[in-house]
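*Asks:* Compute the structure for the input listed below.
(chains A and B)
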Amino acid sequence: MKNVLHHRRTWAWPYLLFLILLVVLPLCLIGIYAFTDMDGEFTLKNFVMFFNKSEAVNTLIYSIAIAMITTIICLLLGYPAAYIMAMKSFRTPEVMALLFILPMWINFLLRTIATVELFHMLNLPLGEGALLFGMTYDFLPFMIYPIYNTLQKMDLSLIEAARDLGANRFQVFTKVILPLSVPGIYSGIVMVFMPTVSTFAISELLTLNKITLFGSLIQRSFGEGGITMWNYGAALSLLMLIIIGATSFFGNQDEASENMVR
Amino acid sequence: MGRGYLYLLLFVLYAPIVLIIIFSFTQSKVLGNWTGFTFSLYQNLFTGYDLNANVRVDPNLYRAIGYTGLIAVAAAAISTFLGTLAAIGIYNMNARHRKGMMFLNSIPMINPDILTGISLFLLFVFLGISRGLATVLIAHVVFCTPYVVLSVMPRLTQMNPNIYEAALDLGATPMQALRKVLLPELRPGMISGFILSLTLSIDDFGVTFFTKGSGGLETLSTFIYADARKGGLTPELRPLFSLIFLTILVLLIITNVRAYRLKNKLNQ
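*Replies:* Numbers count the residues shown, from 1 in each chain, chains lettered A, B, ... in the order given. You can find the predicted model right below:
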């Protein structure tokens, strides 16, 4: 049958061209700009400039730390939620899952601003705590969904078998359920860590500009810095790209993307 | 107890949204300051004129709504076309090429919006293209199409290839077989890809921010951002998002009740 449809593979060529021109080439440009100066001459000074500024280096470390903490909080809050959704018999489990995704239909900047107002109303200070709350709030669904998906697809007879063979509830969880949900956990970690480590804009709103994250640093080099800062900004972007590349290597990306669609 | 935990999480998750909805029924400039129940913000939103303050509602808000809708529909349509075509092509490739294409396809999905935005910004600068509506549209197609490919792909792999062949054997031209056999099979995947693209496009901030240029083009996201940085959020955004939220809530309830009834019917 393939022969009939075979010539249709040319139909992917426009998309291949599209991807090369608008995805691969632009990413290469980040690398090129990062290693050149304004006149297009090769230089390392953009990176030297970054590593000499302890403030900038600290921002990078701080952003990674914040992203890690957010990811851990999301995992600790999200795993039980996904577990309960998958295990308890809700009449309509789909509705429960949808309820966790529905808030994402409200523009995330507006939700962030509403969170800020909520902190004002409860007389809570805006700062690191608000930042962690806001990020957890924004990205928790990304953790719950992939874990829920793997748990839901799990073969329940495995649990029964473990019980029959004398495992108690704790053992069933640590020896059967948890190991089987590892792929979902990996996807969840990747899907929360990547947007949090690269986030910009919401950190300014949540901390009243008190805390600068690495993403905002990049944004500023392209925005307010004017043309003179573009090469420096590209160097920072390249560092971000390396972090993202390393993270996606850590998680199985096929799984993550599959989970996104479902 | 388990359920209680879920409801608690949902309560926290929805608190800011409920806050927006509640305060869409009062007039105050600031969220969180209740000045009595009124529909006037809704009225302002629809008439474009604030009767109490005797000023027009920021016209940029309506322009932003228009651009958001235009870009979302156009980007979703182009992505669905390009992505479906690509999925059919990729499906017919040999395993090695298919793997390579799927890897390329996953890059825009892995890339955080700030990197997609900046890399495209550099491309447009490099090529000397001035940024505006066209560049934002291209950028949105870049991050939407991979999701269309991923939603159409499973329909192709699950399809019985003999049906297509049978159509050809029975005298259909390749074009007819495509229109009458292949496309109906792919339609559900195309629709979910289209809807996903709409959602991603409407919600995008990062990519739009770097590709919109300084010509005054704003989508709702960038409008809200600029507004929040200035200090005062346009109060009419509250009724606008309350309405968007309620519309989606109703749509979801309808589709789910339908699916639920269908499931019950099948079980009987």
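
*Asks:* what residues does the stretch 151-268 of chain B put near chain A?
*Replies:* B:151, B:161-162, B:164-165, B:168, B:192, B:196, B:199, B:202-203, B:205-206, B:209-210, B:220-221, B:224-225, B:228-229, B:233, B:237, B:241, B:244-245, B:248-249, B:252, B:256, B:259-260 (C-beta under 8 Å from any C-beta of the partner chain). Yep, even glycine has a C-beta here, placed from its N, CA and C like the rest.

*Asks:* Helices of the stretch 101-250 of chain B, start to end?
*Replies:* Along the stretch 101-250 of chain B, counting by DSSP state H, counting those that start in this stretch, helices occupy B:113-127, B:133-158, B:161-169, B:174-177, B:183-203, B:206-211, B:220-230, B:237-267.

*Asks:* no, scratch that, I was asking about the stretch 151-262 of chain A
*Replies:* A:156-164, A:169-172, A:178-180, A:182-197, A:202-207, A:214-222, A:230-250, A:253-261.

*Asks:* Put the buried members of the residues of the stretch 151-268 of chain B next to chain A into a ChimeraX selection.
*Replies:* Burial among those is assessed by 16 or more other C-beta atoms under 10 Å in any protein chain shown; the matching ChimeraX selection reads:
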select /B:151,164,165,168,192,196,199,202,203,205,206,209,210,220,221,224,225,228,233,237,241,244,245,252
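
*Asks:* contact partners of stretch B:208-217?
*Replies:* The contact list for stretch B:208-217 (C-beta atoms under 8 Å, 6 or more residues apart in numbering or on different chains) reads A:201, A:219, A:222, B:67, B:114, B:117-118, B:120-121, B:124, B:130-133, B:135-136, B:138-140, B:218-219, B:221-222, B:225.

*Asks:* mind checking how far residue A:62 is from chain B?
*Replies:* Residue A:62 sits at a distance of 17 Å from chain B (criterion: C-beta to the nearest C-beta, to the nearest Å).

*Asks:* and if you look at residue A:47?
*Replies:* 17 Å.

*Asks:* got any ranges where the chain has weak pLDDT?
*Replies:* Chain wasn't specified; assuming chain A. Residues of chain A meeting the criterion pLDDT under 70: A:1-7, A:89-93, A:224-225, A:251-262.

*Asks:* looking at chain B here, not the other one
*Replies:* B:1, B:268.

*Asks:* Next, count neighbours for the residue of chain B found nearest chain A.
*Replies:* Nearest residue of chain B to chain A, counting by C-beta to the nearest C-beta: residue B:89, 2.6 Å away. Around residue B:89 there are 24 other residues, counting by other C-beta atoms under 10 Å in any protein chain shown.

*Asks:* quick revisit: let me know which of the helices of the stretch 151-262 of chain A is the nearest to residue B:22.
*Replies:* helix A:202-207 (20.5 Å; C-beta to C-beta).

*Asks:* now check the closest one, is it near chain B?
*Replies:* Yes: judged by C-beta under 8 Å from any C-beta, helix A:202-207 comes into contact with chain B at A:204-205.

*Asks:* Identify the residues contacting that helix?
*Replies:* With C-beta under 8 Å, 6+ apart as the criterion, helix A:202-207 contacts A:108-109, A:112-113, A:115-116, A:126-128, A:130-131, A:133-135, A:138, A:211-213, A:215-216, B:228-229.

*Asks:* Would you indicate which residues of it are buried?
*Replies:* Buried-residue list, helix A:202-207, by 16+ other C-beta under 10 Å: A:202-207.

*Asks:* do the same with stretch B:48-65
*Replies:* B:50, B:57-58, B:61, B:64-65.

*Asks:* quick one, what contacts the spatially closest residue to the residue of chain B closest to chain A that is not a sequence neighbour?
*Replies:* Once flanking residues are discounted, residue B:89 sits nearest to residue A:12: 2.6 Å by C-beta to C-beta, 6 or more residues apart in numbering or on different chains. With contact set as C-beta under 8 Å, 6+ apart, residue A:12 has these partners: B:85-86, B:88-90, B:93, B:101.

*Asks:* what about residue A:12, which SS state?
*Replies:* helix (DSSP: H, G, I helix; E, B strand; the rest coil).

*Asks:* ditto for the one 3 residues further on
*Replies:* Remark: residue A:15 carries the secondary structure label helix [criterion: three-state DSSP].

*Asks:* what sits against the closest residue to it other than its chain neighbours?
*Replies:* Nearest residue to residue A:15 in three dimensions, chain neighbours excluded: residue B:86, at 3.5 Å (C-beta to C-beta, 6+ apart). By C-beta under 8 Å, 6+ apart, the contact list for residue B:86 reads A:11-12, A:14-16, B:101, B:105, B:145, B:149.

*Asks:* Many thanks, have a good one.
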